[in-house]
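Q: when you get a sec, could you give me coordinates for this:
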Amino acid sequence: MDYQVILIENNRLMLERLSSVIRATAGFNLIARYQQAGDALGQWAMFKPNIILLDIDVTGNLGLIPEFASAFPEAALLCVSSHWDAKDAAQIVKAGAKGYLVKPFTGEEFLEAVQTFGKSGMALGSEVLAFFSPKGKSGKTTLIANLAMSLANKSGEAVGIIDADLQFGDMAVFFNLEPKSTIMEATRDIKFLSPITLNSYFVEVPEAENIHVLCGTKKPEYAEMVDVASFEDMVRMAQSLFRYVLIDLPPGFNPISLAASELSTTTYVMAMVGGGYEVLHMKRALGIFEAWPDYRSRVKTIFTRVSPCTDEERRILEQELGYPVSAILPNEYLLVSAAANNGRMAVDIQPDTPLSQNINRLSEDIMGRRRTRWGAQP
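A: Just a heads-up that it's a prediction; the model follows:
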């Protein structure tokens, strides 16, 4: 069935341009177009659209979204603007719109926007989960990859992974991916992107449904080309695409890891048990976040390669740390390696192992927190 489209665009030249795009896109019929939003509302009884494009560059049109949602309950309302704005994105979803397009757009971008946002709409209340370790070899990548699989399987919703370990990120290797674009290109282009065009920079994981990865830079020296402000804009835009955004951060603190932590719903501080200094390193890392008024609820700790991996061992770690331990993971190196070599995850091929069970518990804990941080946008 073809889509029946109403277009509302104040600028006459842009109205003609977008009209031509819609008419040239297979499966779409432009049944009416207006320069004034009020005119469209006045004629609602004459048409039965299933797609409405509303120009929100016009002052006052944002406030009309509830009226359009009420007048056209069967239609997907997509807002159109000359630029992306995270605050507007949050506001339009809360008001009843399904999605957000940056104009001018191509027919391919229009079709993808309808397919992406037309039914479920943009993600609202997206969880941003940042994973940080004071030192390397903490098992972050292993946890993130398997946790993403668990979240996607259990929730049925879209999960995005951002590899922000800019110099030595290996998420692409872990998933056997060959990205055409990386975080360097995404942050470089972000001012010209919308959620739909940003989505093309993420790579879909072949062996997993609903998991997309924005891979790290192809060369270590490219890390210097990732601007912090652009990175922040990119994360905010990714929140419109994915219900869960998992960010893999480099060891140690740098401007990118601090920015990701500030944007996060939850920051996980991780350490691998082995040499005896992990608890000390964890304490020092937690001290960085103490300035946050809500740090005890937003900052959580995870220890990996814990043996024996028992509740008693967790309590011992908590006593030494003086802080709650959210999860402990056993050493399952052979299982993880065998799965990754086949482009699959341990939680998928052996869901009954202690590693998989503990990751699934963490996934369920995350899914139980339905908090929204749209209000944290500057």
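
Q: what about the strands in this structure?
A: Under the criterion DSSP state E, strands of the chain are mapped to 3-8, 28-34, 51-55, 76-81, 99-102, 127-132, 159-163, 203-204, 211-214, 244-248, 266-272, 299-304, 327-328.

Q: wait, doesn't Met237 sit right on Pro195?
A: Yes: taking Cβ atoms under 8 Å as the definition, Met237 is a contact partner of Pro195 at 5.6 Å. For glycine as for every other residue, the C-beta is placed from the backbone atoms N, C-alpha and C.

Q: quickly list what's touching both of those two.
A: Common contacts of Met237 and Pro195 (Cβ atoms under 8 Å, 6 or more residues apart in numbering): 84, 89.

Q: give me the more crowded residue out of these two.
A: Legend: neighbour count by other Cβ atoms under 10 Å for Met237 and Pro195, higher for Pro195 (24 against 21).

Q: give me the neighbour count for the closest residue to the more buried one other than its chain neighbours.
A: Distance criterion Cβ to Cβ, 6 or more residues apart in numbering; nearest residue to Pro195, sequence neighbours excluded, is Ser240 at 4.3 Å. By other Cβ under 10 Å, 25 other residues sit near Ser240.

Q: so Ser240 sits against Ser126, correct?
A: Yes: under the criterion of Cβ under 8 Å, Ser240 makes contact with Ser126 at 7.4 Å.

Q: okay, now the residue nearest to Pro251 when sequence neighbours are not counted: neighbour count?
A: Closest residue to Pro251 apart from its sequence neighbours, by Cβ to Cβ, 6+ apart: Gly136 at 4.4 Å. Gly136: 12 surrounding residues under other Cβ under 10 Å.

Q: how about Gly107?
A: 16.

Q: residue contacts, the nearest residue to it once chain neighbours are set aside?
A: In this structure, Gly107 finds its nearest non-sequential neighbour in Thr25, 3.7 Å apart by Cβ to Cβ, 6+ apart. Thr25 makes contact with 107, 110-111, according to Cβ under 8 Å, 6+ apart.

Q: roughly how far does Thr25 sit from Ala113?
A: Shown here: Thr25 relative to Ala113, a distance of 11 Å by Cβ to Cβ, to the nearest Å.

Q: care to break the chain down by domain?
A: Residue ranges for the domains of the chain, per automatic domain parsing: 3-117, 127-372.

Q: let me see the mean pLDDT of stretch 194-203.
A: Taken as a whole, stretch 194-203 carries a mean pLDDT of 90.

Q: dump it to PDB, keeping only the CA atoms.
A: Output in PDB follows, covering the C-alpha atoms of stretch 194-203 (Å, rounded to 0.1, in the frame of the first residue of the first chain):
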ATOM      1  CA  SER A 194      20.200  13.900  11.100                       C
ATOM      2  CA  PRO A 195      19.400  10.700  13.000                       C
ATOM      3  CA  ILE A 196      18.600   8.900   9.700                       C
ATOM      4  CA  THR A 197      21.900   9.900   8.000                       C
ATOM      5  CA  LEU A 198      23.900   9.200  11.200                       C
ATOM      6  CA  ASN A 199      22.400   5.700  11.200                       C
ATOM      7  CA  SER A 200      24.400   4.900   8.000                       C
ATOM      8  CA  TYR A 201      27.700   5.400   9.900                       C
ATOM      9  CA  PHE A 202      26.800   2.500  12.200                       C
ATOM     10  CA  VAL A 203      27.400  -1.000  11.000                       C
END
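
Q: hmm, who's touching stretch 288-303?
A: For stretch 288-303, contacts defined as Cβ under 8 Å, 6+ apart pick out 143, 253, 261, 264-273, 278, 282, 286, 314, 317, 321, 323-329, 362.

Q: in CSV, list the C-alpha atoms belonging to that stretch.
A: This file holds the C-alpha atoms of stretch 288-303, laid out as CSV (Å, rounded to 0.1, in the frame of the first residue of the first chain):
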residue,chain,number,x,y,z
ILE,A,288,36.6,11.5,40.2
PHE,A,289,32.8,11.2,40.1
GLU,A,290,32.1,12.3,43.7
ALA,A,291,31.4,15.8,42.6
TRP,A,292,28.2,14.6,40.9
PRO,A,293,25.2,15.0,43.4
ASP,A,294,23.8,11.7,42.2
TYR,A,295,27.0,9.8,41.6
ARG,A,296,26.1,7.0,44.0
SER,A,297,23.1,6.2,41.8
ARG,A,298,24.7,6.9,38.4
VAL,A,299,28.1,5.3,38.9
LYS,A,300,28.3,1.5,39.3
THR,A,301,31.1,-0.9,39.6
ILE,A,302,31.9,-4.2,37.9
PHE,A,303,34.7,-6.7,38.6
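
Q: find me the pLDDT at the closest residue to Asn358 other than its chain neighbours, would you?
A: Sequence neighbours aside, Leu329 is the residue nearest to Asn358 in space, at 5.4 Å (criterion: Cβ to Cβ, 6+ apart). The model reports Leu329 with a pLDDT of 89.

Q: gap between Leu329 and Ile302?
A: 7 Å.

Q: joint contacts of these two?
A: If you check Leu329 and Ile302 against Cβ under 8 Å, 6+ apart, the residues they both contact are Leu143.

Q: still on that earlier bit, so which of the strands of the chain gets nearest Arg17?
A: Nearest to Arg17 among the strands of the chain is strand 3-8 (10.6 Å), distances taken as Cβ to Cβ.

Q: tell me which other helices or strands the closest one touches.
A: With contacts taken as 3 or more Cβ pairs under 8 Å, 6 or more residues apart in numbering; DSSP states H and E, strand 3-8 sits against helix 12-24, strand 28-34, helix 37-42, strand 51-55.

Q: now distance to Pro73, mean neighbour count and mean pLDDT too, for the ones you listed, in JSON lines please.
A: As requested, the helices and strands packed on strand 3-8 are arranged in JSON lines below (distance: least, Cβ to Cβ, whole Å; neighbours: other Cβ atoms under 10 Å; pLDDT from 0 to 100):
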{"stretch": "helix 12-24", "distance to Pro73": "22", "mean neighbour count": "15", "mean pLDDT": "96"}
{"stretch": "strand 28-34", "distance to Pro73": "17", "mean neighbour count": "17", "mean pLDDT": "94"}
{"stretch": "helix 37-42", "distance to Pro73": "14", "mean neighbour count": "16", "mean pLDDT": "86"}
{"stretch": "strand 51-55", "distance to Pro73": "11", "mean neighbour count": "24", "mean pLDDT": "94"}
